[in-house]
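Trainee: Build the 3D model from these lines:
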Amino acid sequence: MKSPYRYLFGPVPSRRFGRSLGIDLTPYKTCSQNCIFCQLGHTTHLTVERRAYVPIEDVLSELMDFFTAGDTADYITLSGSGEPTLHPDFGRVLETIRGETQTPALLLTNGSLLQRPEVRAAAAGATVVKASLSAWDQESFKRINRPHPSLDFDGVIAGCNAFRKQFSGELRLEVFLMKGINTAPEQVEKIAALANKIHADHIQFNTVDRPPAVSSVKPVPMEEMVPLKGLFAPPAEIVSEQSIHPPSVNHGTSEAILAMINRRPCTAKQIAGSFATNINEVVKHLAQLYRAGKIRVETTNNRAFYIGKSGS
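Mentor: Model prediction:
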């Protein structure tokens, strides 16, 4: 990327979707939930209000500029600093991706607003939708996802079920497992019962990999997740580090690196892979950003993650 865009970031290395070009449709941590496991930290604007948080014409202009420059990605992903379905025109972005590029359009959502018909209709324009399910009742929903007070867990599940019935694309459910929080067999069985009724194409287990919002949230070892896979239909897949496709000629500047890690904590190795930049060059940029007070470093699972301070 020749210069950092305001609403596009990356492509970033994704354990699930290869090299993903992100599109950010909300200000930092504007979300309908305040999940204890969120890699971006605590939600600063907890809301269910759908409004034009960013100018959609500018977003589409940046998207077209990216592809005009000859850059590529494995997916174009609506994600970033908050919940993308809070923007009333997120469906227009999906339509543009599908109509103007050959790249799959991916919507990453917590699923909380799929109970609204207009959100379901817009989300149906994606190639792939990944929604989240890590609770099993209202009490666990409040404890794990810490939703906006107006959100009801049964309504969220009803919205996911209704969306599955009208969505012909690929639906994935992500079950985020946390040691001692939602990993007891009876808890996972309840999550599985709900997930199996939704009839997703893929169920994926995820766990803590980057620094979570609440420091007491801990990862679940692989050997503890494996026996739980068969509770789900189809059987759950365990998200693991995947090889990232060779990057395009996107050389990382300090500004481009900062734009990415403001939205997604990354290791130096991940940054180097994303920007086709020698890791020693990346380390130099990171050192400059650290000295300038623009980033911080946090160790999780014995790996150093670089995190932007835009939302701190």
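Trainee: is it fair to say Lys142 lies in a helix?
Mentor: Yes. Assignment of Lys142 by DSSP: H, G, I helix; E, B strand; the rest coil places it within a helix.
Trainee: how about the helices in this structure?
Mentor: Here the chain has its helices, by DSSP state H, at 56-68, 90-100, 117-123, 138-144, 153-166, 185-198, 222-225, 254-261, 268-275, 279-291.
Trainee: Which neighbouring elements make contact with the second one?
Mentor: Think helix 90-100. Helix 90-100 sits against helix 56-68, strand 75-79, strand 105-108, helix 117-123, with contacts defined as 3 or more C-beta pairs under 8 Å, 6 or more residues apart in numbering; DSSP states H and E. Glycine gets a C-beta too; all of them are placed from N, C-alpha and C.
Trainee: hang on, Arg50 packs against Asp89?
Mentor: No. Counting by C-beta atoms under 8 Å, Asp89 is not a contact partner of Arg50; they are 9.6 Å apart.
Trainee: related to what we said a few turns ago, present the helices of the chain as JSON lines; the columns should include distance to Gly80.
Mentor: Below are these laid out as JSON lines (distance: least, C-beta to C-beta, whole Å):
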{"stretch": "helix 56-68", "distance to Gly80": "11"}
{"stretch": "helix 90-100", "distance to Gly80": "11"}
{"stretch": "helix 117-123", "distance to Gly80": "16"}
{"stretch": "helix 138-144", "distance to Gly80": "22"}
{"stretch": "helix 153-166", "distance to Gly80": "21"}
{"stretch": "helix 185-198", "distance to Gly80": "25"}
{"stretch": "helix 222-225", "distance to Gly80": "27"}
{"stretch": "helix 254-261", "distance to Gly80": "10"}
{"stretch": "helix 268-275", "distance to Gly80": "15"}
{"stretch": "helix 279-291", "distance to Gly80": "19"}
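Trainee: Determine which of these approaches Leu21 most closely.
Mentor: Among the helices of the chain, the nearest to Leu21 by C-beta to C-beta is helix 56-68 (6.8 Å).
Trainee: now that closest one and helix 90-100, what's the angle there?
Mentor: 30 degrees (axes from the mean of the first three to the mean of the last three C-alpha atoms, to 10 degrees).
Trainee: what pLDDT, on average, does helix 56-68 get?
Mentor: When pLDDT is averaged over helix 56-68, the result is 92.
Trainee: Same check on stretch 19-32?
Mentor: Mean predicted lDDT for stretch 19-32 stands at 90.
Trainee: can I get the CA coordinates of it in CSV?
Mentor: Output of stretch 19-32 as CSV, limited to C-alpha atoms (Å, rounded to 0.1, in the frame of the first residue of the first chain):
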residue,chain,number,x,y,z
ARG,A,19,-4.3,-12.1,3.5
SER,A,20,-7.3,-9.9,4.4
LEU,A,21,-7.9,-6.3,3.3
GLY,A,22,-9.8,-4.7,6.1
ILE,A,23,-12.5,-2.0,5.8
ASP,A,24,-13.3,-0.1,8.9
LEU,A,25,-16.8,1.4,9.1
THR,A,26,-16.8,2.7,12.6
PRO,A,27,-14.6,4.8,14.9
TYR,A,28,-12.4,2.9,17.3
LYS,A,29,-14.3,0.4,19.6
THR,A,30,-17.8,1.5,18.5
CYS,A,31,-19.6,-1.8,19.1
SER,A,32,-22.8,-3.3,20.4
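Trainee: State the separation between that stretch and the centre of the chain it belongs to.
Mentor: 8 Å (C-alpha atoms, centre = their mean, to the nearest Å).
Trainee: same question, stretch 90-103
Mentor: Counting by C-alpha atoms, centre = their mean, stretch 90-103 is centred 18 Å from the centre of its parent chain.
Trainee: which residues sit against that stretch?
Mentor: With contact meaning C-beta atoms under 8 Å, 6 or more residues apart in numbering, stretch 90-103 is reached by 21, 23, 25, 56, 59-60, 63-64, 67, 72-76, 78, 84, 105, 107, 121-123, 125-127.
Trainee: quick one on the thing from earlier: to Met178, which of the helices and strands packed on helix 90-100 lies closest?
Mentor: Short answer: strand 105-108, nearest of the helices and strands packed on helix 90-100 by C-beta to C-beta, at 18.9 Å.
Trainee: where are the low-confidence patches of this structure?
Mentor: 1-4, 13, 15-16, 240-252, 273-277, 310-312 (pLDDT under 70).
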